[in-house]
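**Student:** Sharing a sequence plus its predicted fold:
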Amino acid sequence: FFFKQKTAYVIMPSLVGSEMCIRDSGITGLFSKDVACKRVAGIRFASLGSGSKGNGTIVVGGETTVLIDCGFNTKQVVMRLGRLGIDPTNLAAILVTHEHADHVGGVAQLAHRYDIPVYGSYGTHKGLFSRDLDGSLARPFVASDSFSIGDIRIHPVPVPHDAREPTQYIIENRHSLACFGILTDIGHLTPHVVKMYKRCHGLLVEGNHDLQMLMGGKYPAQLKQRISSNLGHLSNAQAASFLGEVLHDKLDHVVVGHISEQNNDPQRLHEAFGRFESTIADFQYATQAKGHGWVEISPLLGANSVTV
């Protein structure tokens, strides 16, 4: 896929307390040009890559940086993190959504190399046992319980998908209440999911397939059934319906990801999401090869936090 992407920014630690420097990597190379230095008062997020060949999403709030999923080998993930200006030694945690290979293929290796704790539901951790994750790094949680890591508050959201105990995540900056939600690998929308994500100011949501392309494509019938089932993935139409339900005047950033390279294309995506492209201030598509660059959610001091 080829989409226009806005200038990519990378975050580099500054020498002043809790400030972070944003540097432009778009013209003369990584870290080539200072753009601004500011505190991470809201939330920043970026994708390392999004799709069936590997997933990873970086989220920064305050001084805390977490990685959601790691479907890439260590060499790949370090390279992709470096493209965004992130040193893996600065990761406070890896949050795992579920145990499928495109989300956890590199989790254990990365966690062991850099001594990073791995958070996931109890069911997800059972799925990780086969990947030899060191038990000392395992941080299982009850899927309905919120918890904090440093400057961020994490709200797991149980979702219907064909995994042991899958969760997606809503993440808040504990100090400013800026709120980001990731929602991929979900077969259908539930009232609870819609209610939780209505409070987000930025989203990464899957638009996995165009149903007509999927059903008319070359996949085996069993795989078509799995993808389109209530435990599969959201179609473009389902994702657009979800955005229509959660849209509000402070939802300024939306990224559509986990896009199938076989069962979707830019034309179908624009047909499904065109009305949001023109009404949401920052609307982007994440690709498998490059993910998407940094998106910044401004702080919302005085806003209400997510109710769980």
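**Tutor:** Looks like it arrived, so ask away.

**Student:** What ranges does the stretch 51-200 of the chain have for its helices?
**Tutor:** Remark: helices assigned in the stretch 51-200 of the chain by DSSP state H, counting those that start in this stretch are 74-83, 101-104, 107-114, 122-128, 191-197.

**Student:** what's the weakest-modelled helix or strand in this protein?
**Tutor:** In the chain, the helix or strand scored least confidently by mean pLDDT, DSSP states H and E is strand 9-13, which has a mean of 34.

**Student:** Would you confirm that residue 283 contacts residue 270?
**Tutor:** No. Residue 283 is not in contact with residue 270 according to Cβ atoms under 8 Å; the separation is 10.6 Å. Bear in mind the C-beta positions are built from the backbone N, C-alpha and C, glycine included.

**Student:** Neighbour count: these two, which is higher?
**Tutor:** Set residue 283 next to residue 270 and count neighbours by other Cβ atoms under 10 Å: residue 283 wins out with 17 against 13.

**Student:** any idea how far that one lies from residue 203?
**Tutor:** Residue 283 is 10 Å from residue 203, where distance means Cβ to Cβ, to the nearest Å.

**Student:** likewise residue 125?
**Tutor:** For residue 125 relative to residue 203 (Cβ to Cβ), the value is 26 Å.

**Student:** These two - which one has more neighbours?
**Tutor:** When neighbours are counted by other Cβ under 10 Å, residue 125 and residue 203 differ, and residue 203 comes out ahead with 26 against 21.

**Student:** and the helix or strand hosting the more buried one, what other elements does it pack with?
**Tutor:** Per DSSP states H and E: residue 203 is located in strand 202-206. Judged by 3 or more Cβ pairs under 8 Å, 6 or more residues apart in numbering; DSSP states H and E, the packing partners of strand 202-206 are strand 43-49, strand 179-183, helix 236-246, strand 253-257.

**Student:** for the ones you listed, which one sits closest to residue 114?
**Tutor:** With Cβ to Cβ, the closest approach to residue 114 among the helices and strands packed on strand 202-206 belongs to strand 43-49: 15.1 Å.

**Student:** want to throw the helices of the stretch 51-200 of the chain into TSV with distance to residue 137?
**Tutor:** Output for these, formatted as TSV (distance: least, Cβ to Cβ, whole Å):
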stretch	distance to residue 137
helix 74-83	15
helix 101-104	13
helix 107-114	5
helix 122-128	10
helix 191-197	28
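
**Student:** Just put those in TSV and tack on mean pLDDT and distance to residue 215.
**Tutor:** Shown next, in TSV, are the helices of the stretch 51-200 of the chain (pLDDT from 0 to 100; distance: least, Cβ to Cβ, whole Å):
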stretch	mean pLDDT	distance to residue 215
helix 74-83	97	32
helix 101-104	95	22
helix 107-114	96	33
helix 122-128	91	29
helix 191-197	98	25
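
**Student:** what's the closest of those to residue 180?
**Tutor:** Nearest to residue 180, of all those, is helix 191-197, at 10.3 Å by Cβ to Cβ.

**Student:** returning to that earlier point: reformat the helices and strands packed on strand 202-206 as a markdown table; add mean pLDDT and distance to residue 96.
**Tutor:** Formatted as a markdown table, the helices and strands packed on strand 202-206 follow (pLDDT from 0 to 100; distance: least, Cβ to Cβ, whole Å):
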| stretch | mean pLDDT | distance to residue 96 |
| --- | --- | --- |
| strand 43-49 | 98 | 14 |
| strand 179-183 | 98 | 12 |
| helix 236-246 | 98 | 22 |
| strand 253-257 | 98 | 17 |
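
**Student:** Export those as a markdown table, with columns for distance to residue 56 and mean neighbour count.
**Tutor:** Formatted as a markdown table, the helices and strands packed on strand 202-206 follow (distance: least, Cβ to Cβ, whole Å; neighbours: other Cβ atoms under 10 Å):
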| stretch | distance to residue 56 | mean neighbour count |
| --- | --- | --- |
| strand 43-49 | 4 | 26 |
| strand 179-183 | 11 | 27 |
| helix 236-246 | 20 | 20 |
| strand 253-257 | 11 | 25 |
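
**Student:** wait, which of the ones you listed is closest to residue 288?
**Tutor:** Residue 288 sits nearest to strand 43-49 of all the helices and strands packed on strand 202-206, at 5.5 Å, using Cβ to Cβ.

**Student:** Can you give the strand pairings for that closest one, parallel or anti for each?
**Tutor:** The pairing partners recorded for strand 43-49 under DSSP bridges are strand 56-61 (antiparallel), strand 292-297 (antiparallel).

**Student:** Nearest approach to residue 226 belongs to which of these?
**Tutor:** If you check each of those against residue 226 by Cβ to Cβ, strand 56-61 wins as the nearest, at 23.1 Å.

**Student:** anything in contact with each of residue 283 and residue 270?
**Tutor:** residue 277 (Cβ atoms under 8 Å, 6 or more residues apart in numbering).

**Student:** From residue 263, how far out is the nearest residue to residue 50 once chain neighbours are set aside?
**Tutor:** Nearest non-adjacent residue to residue 50, counting by Cβ to Cβ, 6 or more residues apart in numbering: residue 257, 3.6 Å away. Counting by Cβ to Cβ, the gap between residue 257 and residue 263 amounts to 14 Å.
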